[in-house]
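Student: okay, predicted coordinates and the sequence, questions at the end:
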Amino acid sequence: MEIKQNISLKPYNTFGVEVNAKSFVEVNNAEELKEVLKENDKQILILGGGSNVLFTRDFNGLVIKNNLTGISIIKEDDTSVWLKVGAGEIWHQFVLFCLEKNYAGLENLSLIPGNVGASPMQNIGAYGVEVKDVITEVEAFDLNTFSIQKFSNSACEFGYRTSVFKTSEKGNYFITAVTYKLKKQAEINTSYGAIENELLRMNVSSPSIKDVSDAVINIRSSKLPDPKKIGNSGSFFKNPIVSLLQKNKILKDYPNAPNYPQRDGSFKMAAGWLIEQCGWKGKCLGDYGVHDKQALVLVNYGSAKGSDIFELSEEIIKSVIDTFGIELEREVNIL
Ligand code: FAD
Ligand code: EPU
């Protein structure tokens, strides 16, 4: 285990932003993690795949790249299997592993970049499924007491793109493993409109979990930029939740505004739609801009600075407030 000094983080963030870390180490197991933490009490940053961060400046501390791997069955019955997965496993590789074994529950979450350890951080979600639906336990290393803690599903306080790890316990834990309860008998979820249409296009009438995964991959590939080609961090903002009153006010002027009723009587509005209405979709400001197929995705076409992309996000927030009276919240972690 080598602690490197003054390392470029460009290969470690999907926005492809060029910044330096004062020091950088990759940890492969819990012992290495303990060793590194005991010797370094300075500012640390835990990094998985770097697909939900925007670096706006150099990081003046120690970046710990998490490579803790391993997938093991810890429990099994006739209908379900419990898999404990190392936080450094690549998320999509893990989804493919489950598809191969015919373990159902993650197929709608195919092709999300990043690592297993970050999946509970913001309760990753896509195409009608959130990872909270299948997480039974999160194991984490307490950075203050150096002990391992176990969080039950309810202790994680999952919400839309959030959890206790992104809110009240932010910065206090290094997630080391996540346990998922998956089904042996598939319960196919194609309720998200685009999936059914894609399955029809694929000529599939009774889909397997592999078919659902393929449909999700097709849809995602058609509108989300591949970070290997164009730097980005997926949705830059969360979809805002508004009251019935606010939703009706917008619908009066824009009857086609997409909106989704929530259980508590509020409505989720589509941030991508709001941003598009403000004229930002496809806007290119030199090396960076707003993706032309998905206005919720900010992109780095070359060597943009994180601070420029952050400034662009400020401008977008301002114009959505001015036009709709809604304040967008960033999904991406700003560093
Ligand atoms: P990182 O970016 O490395 O880290 C994210 C945050 O978690 C940071 O604050 C980091 O410090 C912290 N962190 C990471 N690992 C640990 C750990 N082990 N312990 C403690 N803290 C940790 N997200 C969705 O929810 N749905 C989508 O459909 C989706 N689509 C995307 C599409 C694209 C093209 C891209 C680029 C991103 C997309 N995302 C999506 C966002 C992103 O993929 C997820 O948030 C993913 O879970 C981030 O994983 P990561 O390992 O890259 O996290
Ligand atoms: N829309 C527009 N213009 C745009 C983009 C979207 O009008 O430029 C409209 C679409 O036509 C649709 C609605 O907005 O009516 C929703 O669009 P889409 O289905 O593409 O989903 P999204 O709300 O933009 C969310 C997640 C994605 C996730 C997809 C699929 C958030 C912040 N984003 O995007 O997650 O993959 O749904 O479930 O919730 C991520 O978190 O990084 C991410 C990519």
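Tutor: Cool, the structure landed. Ligands and ions are numbered 1, 2, ... in the order given.
Student: the residue of the stretch 51-200 of the chain found nearest ligand 1: neighbouring residues, count only.
Tutor: Relative to ligand 1, the nearest point of the stretch 51-200 of the chain is residue 114 (2.2 Å; Cβ to the nearest ligand atom). (C-beta placed from N, C-alpha, C; glycine too.) Around residue 114 there are 22 other residues, counting by other Cβ atoms under 10 Å.
Student: contacting residues around the residue nearest to it when sequence neighbours are not counted?
Tutor: Spatially, and ignoring its direct neighbours in sequence, residue 114 is nearest to residue 49 (3.9 Å; Cβ to Cβ, 6 or more residues apart in numbering). With contacts defined as Cβ atoms under 8 Å, 6 or more residues apart in numbering, residue 49 is in contact with 14, 90, 91, 113, 114, 115, 118.
Student: hang on, the residue of the stretch 51-200 of the chain closest to ligand 1 packs against residue 48?
Tutor: Yes - shown here, residue 114 and residue 48 form a contact pair, counting by Cβ atoms under 8 Å, at 5.4 Å.
Student: okay, and the common contacts of the two?
Tutor: Counting by Cβ under 8 Å, 6+ apart, nothing touches both residue 114 and residue 48.
Student: now the top helix by length along the chain: buried residues?
Tutor: Determined from DSSP state H, the single longest helix within the chain is helix 306-324. Within helix 306-324, the residues that count as buried by 16 or more other Cβ atoms under 10 Å are 306, 308, 309, 310, 312, 313, 316, 317, 319, 320, 323, 324.
Student: of the contacts of residue 49, buried ones?
Tutor: Among those, the ones that count as buried by 16+ other Cβ under 10 Å are 14, 91, 113, 114, 115, 118.
Student: pull the longest strand from the chain.
Tutor: Taking DSSP state E as the criterion, the chain has its longest strand at strand 173-183.
Student: elements contacting that strand?
Tutor: Secondary-structure packing of strand 173-183 (3 or more Cβ pairs under 8 Å, 6 or more residues apart in numbering; DSSP states H and E): helix 30-39, strand 80-86, strand 135-142.
Student: got a list of contacts for the last one?
Tutor: Residues external to strand 135-142 that are found in contact with it (Cβ under 8 Å, 6+ apart): 30, 33-34, 37, 82, 84, 119-120, 147-153, 156, 158, 165, 172-181.
Student: thinking again about what came up before, with respect to residue 71, which of the buried residues of helix 306-324 is nearest?
Tutor: Minimum distance to residue 71 across these is 33.6 Å, recorded for residue 306 (Cβ to Cβ).
Student: how about that closest one, what does it touch?
Tutor: By Cβ under 8 Å, 6+ apart, the contact set of residue 306 is 15, 17, 19, 54, 55, 56, 57, 335.
Student: count the neighbours of the last one for me.
Tutor: Neighbourhood size, residue 335 [other Cβ under 10 Å]: 18.
Student: quick one: contacts for it?
Tutor: The contact partners of residue 335, taken as Cβ under 8 Å, 6+ apart, are 45, 53, 54, 55, 56, 57, 59, 306.
Student: buried only: go through those for me.
Tutor: Among these, those buried by neighbour count (16+ other Cβ under 10 Å) are 45, 53, 54, 55, 56, 59, 306.
Student: just to revisit the earlier point, filter the buried ones among the contacts of residue 49 down to just the ones in helices.
Tutor: Checked against DSSP H, these include these in helices: residue 91.
Student: got JSON lines for the buried ones among the contacts of residue 49, with distance to residue 190 and pLDDT too?
Tutor: Formatted as JSON lines, these follow (distance: Cβ to Cβ, whole Å; pLDDT from 0 to 100):
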{"residue": "14", "distance to residue 190": "28", "pLDDT": "98"}
{"residue": "91", "distance to residue 190": "21", "pLDDT": "98"}
{"residue": "113", "distance to residue 190": "23", "pLDDT": "98"}
{"residue": "114", "distance to residue 190": "24", "pLDDT": "97"}
{"residue": "115", "distance to residue 190": "27", "pLDDT": "98"}
{"residue": "118", "distance to residue 190": "26", "pLDDT": "98"}
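Student: sorry, back to before: I'd like the contacts of residue 49 laid out as CSV, including distance to residue 277.
Tutor: Putting those into CSV (distance: Cβ to Cβ, whole Å) gives the following:
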residue, distance to residue 277
14, 27
90, 36
91, 32
113, 28
114, 30
115, 35
118, 31
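Student: any chance of those in JSON lines, with distance to ligand 2 too?
Tutor: Formatted as JSON lines, the contacts of residue 49 follow (distance: Cβ to the nearest ligand atom, whole Å):
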{"residue": "14", "distance to ligand 2": "11"}
{"residue": "90", "distance to ligand 2": "16"}
{"residue": "91", "distance to ligand 2": "12"}
{"residue": "113", "distance to ligand 2": "9"}
{"residue": "114", "distance to ligand 2": "10"}
{"residue": "115", "distance to ligand 2": "15"}
{"residue": "118", "distance to ligand 2": "12"}
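Student: I am finished for the moment; much appreciated.
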